[in-house]
Structures are given as structure tokens and as C-alpha cells.
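Q: I need the structure of the sequence given here:
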Amino acid sequence: MRSLVMITLAAILVLAQAAPVLAKEGLEARFDAPIARDTPGGTELEVGMRVTVPDGDTVRPVEGSPIYLRLIGPDGSSTWQLGREGRVSGHYTMRILVPAGGVSRVEAGIHGTTDLPITIVGDALVAGGITKGTAQVAPAAAAALTPLPRASAPAPVTGEAPVVPAASPAAIGDAAPVPWLLVIGAALLAVLALGAGAVGVARRGRHGVGAGRRVADPHRAPGA
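A: Numbers count the residues shown, from 1 in each chain. Down below sits the predicted model:
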């Protein structure tokens, strides 16, 4: 009984280890253009490929997977790069360096704890140098994707007066209180002047009324 249990556990372990490989056997990678064997070492190539999996009579694109490309040189040295998926489902592009000794083998696969190679359909390598029908050198224009520092304003040419920028609304608002102070001061002076005049008129009115009463009062003794 114990032997039967051990055999069963061993079989399950083997199947568990083989399952990922079996699951990837049906995947296929087809290059947009093959890589030229005589591409000089250190050259950065832009390589595109479409990864699919058979599904009955049709094929389905493999989307959102960590697809990698490995270039292997005659001396065993290699370079490795993950692809980035484009707008077309299942299409991946890699910018990858050619090993120092050139390219003798190409490998594509899915990256994971263990890289799992997938079948390459069609030509991956062709004899000769780079032509219109092979993978091309990666365009240098891709470096322009790096953000550039902001350009500073050019200094004024010697002999010319520097351009003075127009005042901003905030600056204009800061200067506005000066004329308002003059207006408020003038208004206060006018109010004070009117008040002083009103007081003078009131005093003169009181004096005039008092003098009239002394003349007209019949009960007051003469000469009082």
C-alpha cells in the first residue's frame, strides 16, 4: 500500500512539472522579417514577431504575455530582451543587441521562473548582411522619447534693450490702492470742511435768535 502511494505521488509530481511545458508546446512565433547572420556584433536591431496558438481550424493571438527573444552567438554568448506588445493583438517588438560574435541561433519563448521556448515558424535567420527583407537597425529616433529639459528664454542681443514683460493683473492690482488713497483723503477733507461750515452757521443762527429776543421781550426792564 505504501509503495502504491509513493508511485502515485511521483506520477503526480512528474505531471505537474510537465504541464507548463505541454501547455506551451502549441504556441508559435512568426518573425516579421528574419535576422541577417552577418549583422555586426553590438548592432541594435528592431525585431517584430507575432505569437499565436492553434485553436481547432483557426489560430488565436497570444496577448499580454512576457514574450522574450534570445540571440545566441557562435561562442555561446547571448543577448536577451522582453518584447512590448503593440496595437495588433499578439504582436511583439524587441530592441535587442547582436552578440559580439554575431548570431548563429535564435530563440523565442515565454519568460517565467524558467524560460519556456516556443516554436518558431518560418525563417528566423538568413545568410548575408542586412537588406530590405531582414530585421532592420533600431531607429535612433526612438531616443527622442526621453523627456528633454525645458529650453530657457534666449538672452537679448547686445545693443538691444531687453523686452520688458507686460504687467500681470496681480501687479496692476497691487498698484491700484495709491490713487484710491488720494481720493479718500480728498473726500475726508471735503467732509471736514462741510462740517466746519455747518458748525459756523449754527453758531451764527443761535446768536441772531438771542439778540432778537432781548429787543422784543416786553417783560425785560429797559436797559437790561
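Q: Nearest residue to residue 129 in space, ignoring adjacent ones along the chain?
A: Closest residue to residue 129 apart from its sequence neighbours, by Cβ to Cβ, 6 or more residues apart in numbering: residue 38 at 4.5 Å. To be clear about C-beta, it is placed using only N, CA and C from the backbone, and glycine gets the same treatment.
Q: Would you enumerate the residues in contact with residue 117?
A: By Cβ atoms under 8 Å, 6 or more residues apart in numbering, the contact list for residue 117 reads 107, 108, 109.
Q: what pairs with it across the strands?
A: residue 109 (DSSP bridges).
Q: Need the pLDDT of it.
A: Looking at residue 117, its pLDDT stands at 93.
Q: Next one: it relative to residue 108, how far apart?
A: Per Cβ to Cβ, to the nearest Å, residue 117 is found 7 Å from residue 108.
Q: One more: residue 36?
A: 17 Å.
Q: Repeat that for residue 39.
A: For residue 39, the distance to residue 108 (Cβ to Cβ) stands at 17 Å.
Q: Tell me where the model's unsure across this protein.
A: Applying pLDDT under 70 to the chain flags residues 1-25, 141-224.
Q: Show me the helices in it, by range?
A: 2-24, 169-175, 177-216 (DSSP state H).
Q: what does stretch 80-99 contact?
A: Against stretch 80-99 from outside (Cβ under 8 Å, 6+ apart): 39-52, 60-64, 66-73, 75, 77-79, 111, 138, 142.
Q: residues of stretch 121-131 that come out buried?
A: Buried residues in stretch 121-131, defined by neighbour count with 16 or more other Cβ atoms under 10 Å: 124, 125, 126, 130.
Q: looking at it, the last one is touching residue 103, isn't it?
A: No: distance between residue 130 and residue 103: 11.5 Å, which falls outside the contact criterion (Cβ atoms under 8 Å).
Q: what residues are shared contacts of those two?
A: Shared contacts of residue 130 and residue 103 (Cβ under 8 Å, 6+ apart): residue 39.
Q: Name the strands paired with the top strand by length along the chain and say parallel or antiparallel.
A: Ranked by residue count under DSSP state E, the longest strand found in the chain is strand 44-55. Strand 44-55 pairs in its sheet with strand 28-31 (antiparallel), strand 58-61 (antiparallel), strand 91-97 (antiparallel), strand 136-137 (antiparallel), by DSSP bridges.
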